[in-house]
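> Any chance you can model this:
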Amino acid sequence: LTAEEDQGGYVMPIFDCPHAARIGPSPSVDRSLAALSAGCEECGDNSENWMCGTCQKVLCGRYVGQHMQTHHGEKQHDVCISLRDLNAWCYACDGYIVADDVNILYIPLHVAKFGYLPPGCESL
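Purely as a prediction, here's the structure:
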């Protein structure tokens, strides 16, 4: 889909993604802060970027240059997290995922983006 074709709608996340267990290592808060302000490592765009859950590369999403999708195809790095809204996506499952394993990406990015721990979280 292109941005113009995507009409939005309800999205049911995947709760049993087996690929989330391969996320890591956790980025530092400093690395997360740098990622939030970085452009895509391929094209420089900074409007819709994602961080790879395996190697922490910052690449643009499907509505820009599709560099994260290409990265997945080349490296089989399945899970990434949106730097815009901190939602996680698994390319192998083809959907948004909700999994405790994502927290090693989500928590430092949340702290970098908002300056505090997410609700219910006691430490990094």
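> okay, how far is it across stretch 12-25, tip to tip?
27 Å (CA to CA, to the nearest Å).
> buried sites along it?
By 16 or more other CB atoms under 10 Å, the buried positions in stretch 12-25 come out as 14, 17, 19-20, 23. C-beta coordinates here come from the backbone N, C-alpha and C atoms, glycine included.
> same thing with stretch 99-118?
So for stretch 99-118, counting by 16+ other CB under 10 Å, buried means 99, 101-113.
> quick one: contacts of that stretch?
Identification of contacts with stretch 99-118 by CB atoms under 8 Å, 6 or more residues apart in numbering yields 15, 17, 20-21, 23-33, 35-36, 51, 53, 79, 81, 83, 86, 88, 121, 123-124.
> tell me the mean pLDDT over that stretch?
Stretch 99-118 carries an average pLDDT of 95.
> The residue most central in space within the chain: what's it in contact with?
Geometric centre of the chain, nearest residue: Ile81, 0.9 Å, by CA atoms, centre = their mean. Applying CB under 8 Å, 6+ apart to Ile81 gives the contacts 50-51, 53, 87-89, 102, 105-106, 109.
> how about 10 Å then?
23, 27, 32, 35, 50-53, 56, 87-89, 97, 102, 105-106, 109 (CB atoms under 10 Å, 6 or more residues apart in numbering).
> and it, which of the three is it?
Of the three states, Ile81 takes strand under DSSP: H, G, I helix; E, B strand; the rest coil.
> ok, the spatially closest residue to Gly95 that is not a sequence neighbour - contacts?
Leaving aside its sequence neighbours, Gly95 sits nearest to Ile14 (CB to CB, 6 or more residues apart in numbering; 4.7 Å). Contact analysis of Ile14 by CB under 10 Å, 6+ apart lists 20, 88-90, 93-99.
> same thing but 8 Å
Residues in contact with Ile14 (CB under 8 Å, 6+ apart) are 90, 93, 95-98.
> next one: Leu124
29, 107-108, 111, 117.
> And the pLDDT at Met68?
97.
> do you know how far it is from Leu83?
Going from Met68 to Leu83 by CB to CB, to the nearest Å gives 11 Å.
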